[in-house]
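S.K.: prediction below, plus the sequence it came from.
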Amino acid sequence: MVQNKNAKVINRRQFIKTSTAAGASLILAPHVLKGAKSFGVDDINVALLGAGAQGQVLMNACLKIPGIRFKAVCDIWKEYNQKRVYRLLGKYGHKLNAYEDYREMLANEKDLDAVIVATPDFWHAEHATACLEAGLNVYCEKEMSNTLEGAKQIVRAAKKSGKLLQVGHQRRSNPRYIHCYEKLIKEAKILGHITTINGQWNRAVQPDLGWPEKYAIPQPRLEQYGFQSMAQFRNWRWYKGFGGGPIVDLGSHQIDIFSWFLDAVPLSVMASGGTDYYDSQTHEWYDTVMAMFEYDTPKGLVRAFYQTITTNSNMGYFENFMGDQGTLQISESAGRAGIYREQSAPLWDKWVDKSFLNAPAEEKIPNVNGAVLDVRETVAPPKYELPVTFNDPYHKPHLENFFNSIRGTDTLNCPAEVGYETAVAVLKVNEAVEKASLVKYDRNEFTL
Ligand SMILES: NC(=O)c1ccc[n+]([C@@H]2O[C@H](COP(=O)([O-])OP(=O)(O)OC[C@H]3O[C@@H](n4cnc5c(N)ncnc54)[C@H](O)[C@@H]3O)[C@@H](O)[C@H]2O)c1
């Protein structure tokens, strides 16, 4: 019986690989042309484990990707998120089962190819490991885990299983970021010698998340899954032992970009932070963190400043890479990007001709209301634009990269090893805050 089921799965999976690798059959498949609502034999069968805010964002992105069939949703909030997702996917024609316990899901669903894990960080290690051990490919949201031990467990499980593990640092698949890395930094070396980076995620004050009273989870079930109260269940990010606070939650996305664009892991970090604004009983993690990293690169030391502020939204979020020939500002927020040439740098005409950049409307030192900028200010050069526009949901290319890797037509942009490096880099920031001193990374820490 089991053998037969396995054989069926293998055959269908083999079909996924061979049909796509053989050529353009996926692209031409009728169900693809018709859109995501109709299903075919080479579809990827997916379960969503964790159907909260991010699970629903990922689900919505998946609904725009042809050939993805949801077979199951698992969420402990049966009264609300689980029900909502189950109904919604049903409306889109997906025939799926709903579960509270992932173990029951893994035991019952024998035709899955992949699981999307979007539960709170402290559940990732158990969930991702179990899914990998069940022979499934896993898209695991960042942070890989709230502990290094948890992240290690996932990497080991991925290696042992031979299955794919994509970590949800979705900027790694964003065409704008890929253009910046591959064309501007690697090929054109347009920034020259990168010396410094600064990045931030500044967020306005936000009230704690609530819940409709009639949909509250009964206390025994909350406790069964590690939560003391509905307030903690809804606001798990702020609690030690559940997440890593804003520096991990938000910062990991951007600190991941620092390492990616530099092709380096940090040498050290020092940080200052604390719960300065909110009630520390309900906001155990720091509402404010300012961190300074040092990176060793072939061209020399790079210093990178990064902050997360949760009490003021000034300038939102971005990463700024600064070299002796230019500055690159990039953000997941599509409206915030620009490349600025230092006045002493060679002209960038050839990069404009090669469509690496769009030229500024007018290359001249800007003035404000007729007043030329202070001559002592050597910056404010003209802004070149990124030639890449990207209007899809942010997570769609990263999910597509995952699904296409399952099909054998692509390779993962953020495999376990890469996600792990970022986990090492970012989890250490909280240690630096606690110690209020410089903390060094051991290069060996970044690999298992
Ligand atoms: N990549 C990104 O840009 C991005 C953005 C937001 C969140 N995230 C990540 O996504 C994950 C989820 O975050 P969120 O904002 O959706 O949180 P959330 O609290 O809104 O949702 C979590 C869901 O998981 C469910 N859940 C909790 N424990 C469970 C368990 N043991 N088994 C099954 N279901 C369980 C909850 O009922 C809830 O529906 C986190 O890891 C977070 O860091 C990533």
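M.R.: Thanks, I have the structure now.

S.K.: burial count for the closest residue to the ligand within the stretch 201-350 of the chain?
M.R.: Scanning the stretch 201-350 of the chain for the residue nearest the ligand gives Tyr225, at 4.5 Å (criterion: C-beta to the nearest ligand atom). Where C-beta positions appear, they are placed from N, C-alpha and C, glycine not excepted. Tyr225 has 15 neighbouring residues, counting by other C-beta atoms under 10 Å.

S.K.: where's Asn312, which helix or strand?
M.R.: Following DSSP states H and E, one finds Asn312 outside all helices and strands.

S.K.: how about the residue in the chain positioned nearest to the ligand: what's its closest non-neighbour residue?
M.R.: Residue of the chain nearest the ligand, by C-beta to the nearest ligand atom: Gly52 (1.8 Å). Excluding the flanking residues, the one nearest Gly52 by C-beta to C-beta, 6 or more residues apart in numbering is Asn81, at 5.4 Å.

S.K.: surely the residue of the stretch 201-350 of the chain closest to the ligand and Ile76 touch.
M.R.: Yes - using C-beta atoms under 8 Å, Tyr225 is in contact with Ile76, at 5.1 Å.

S.K.: now do the contacts for the spatially most central residue of the chain.
M.R.: Among the residues of the chain, the one closest to the centroid is His169, at 2.1 Å (C-alpha atoms, centre = their mean). Listed by C-beta atoms under 8 Å, 6 or more residues apart in numbering, the contact set of His169 reads 142, 252-253, 256, 398, 414, 418-419, 422.

S.K.: helices - which of those residues land there?
M.R.: Residues of the contacts of His169 located in helices (DSSP state H): 252-253, 256, 398, 418-419, 422.

S.K.: give me the number of residues near Asp276?
M.R.: 13.

S.K.: let's have the chain start at 623 instead
M.R.: Sounds good: first residue 623 from here, last item Asp898.

S.K.: so among the ones in helices among the contacts of His791, which ones count as buried?
M.R.: With neighbours counted by 16 or more other C-beta atoms under 10 Å, the ones in helices among the contacts of His791 contain buried members at 874-875, 878, 1020, 1040-1041, 1044.

S.K.: output the set of residues of the protein in proximity to the ligand.
M.R.: 671-677, 696-699, 703, 724, 740-743, 745, 763-765, 790, 792, 847, 871 (C-beta under 6 Å from any ligand atom).

S.K.: just the buried ones from the residues you listed, in PyMOL syntax?
M.R.: Here is the PyMOL command that selects the buried residues among the residues of the chain next to the ligand (16+ other C-beta under 10 Å):
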select buried, resi 671+672+673+674+676+677+696+697+698+699+703+724+740+741+742+743+745+763+764+765+790+792+871
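
S.K.: where in this protein is pLDDT low?
M.R.: 623-661, 663, 984-1002 (pLDDT under 70).

S.K.: thinking again about what came up before, list the contacts for the residue of the stretch 823-972 of the chain closest to the ligand?
M.R.: Ile698.

S.K.: ok, it to Gln841 distance?
M.R.: 11 Å (C-beta to C-beta, to the nearest Å).

S.K.: same thing with Pro688?
M.R.: 43 Å.

S.K.: got a list of what Ser874 touches?
M.R.: With C-beta under 8 Å, 6+ apart, Ser874 has these contacts: 764-765, 791, 866, 1044-1045, 1048.

S.K.: just give the closest residue to Thr1033, not the sequence neighbours.
M.R.: With C-beta to C-beta, 6+ apart, the residue lying closest to Thr1033 is Ser1027, at 5.8 Å.

S.K.: does that neighbour belong to a helix, a strand or coil?
M.R.: Three-state assignment for Ser1027 (DSSP: H, G, I helix; E, B strand; the rest coil): helix.

S.K.: still on that earlier bit, which of the contacts of His791 lies closest to Leu813?
M.R.: Asp878 (18.8 Å; C-beta to C-beta).

S.K.: which stretches in the stretch 673-822 of the chain count as helices?
M.R.: 675-684, 705-713, 724-730, 743-755, 770-783, 797-801 (DSSP state H, counting those that start in this stretch).

S.K.: highest average neighbour count across these?
M.R.: Scoring the helices of the stretch 673-822 of the chain by mean neighbour count under mean count of other C-beta atoms under 10 Å gives helix 743-755 as the most buried, with a mean of 23.

S.K.: for that helix, C-alpha coordinates in PDB please.
M.R.: The C-alpha coordinates for helix 743-755 follow below in PDB (Å, rounded to 0.1, in the frame of the first residue of the first chain):
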ATOM      1  CA  ASP A 743      10.200  31.600  14.400                       C
ATOM      2  CA  PHE A 744      10.500  29.300  17.400                       C
ATOM      3  CA  TRP A 745       8.500  26.600  15.600                       C
ATOM      4  CA  HIS A 746      10.500  26.600  12.400                       C
ATOM      5  CA  ALA A 747      13.200  24.100  13.500                       C
ATOM      6  CA  GLU A 748      10.600  21.400  14.500                       C
ATOM      7  CA  HIS A 749       8.300  22.100  11.500                       C
ATOM      8  CA  ALA A 750      11.000  22.400   8.800                       C
ATOM      9  CA  THR A 751      12.900  19.300  10.100                       C
ATOM     10  CA  ALA A 752       9.800  17.100  10.300                       C
ATOM     11  CA  CYS A 753       8.800  18.100   6.800                       C
ATOM     12  CA  LEU A 754      12.300  17.400   5.400                       C
ATOM     13  CA  GLU A 755      12.400  14.100   7.200                       C
END
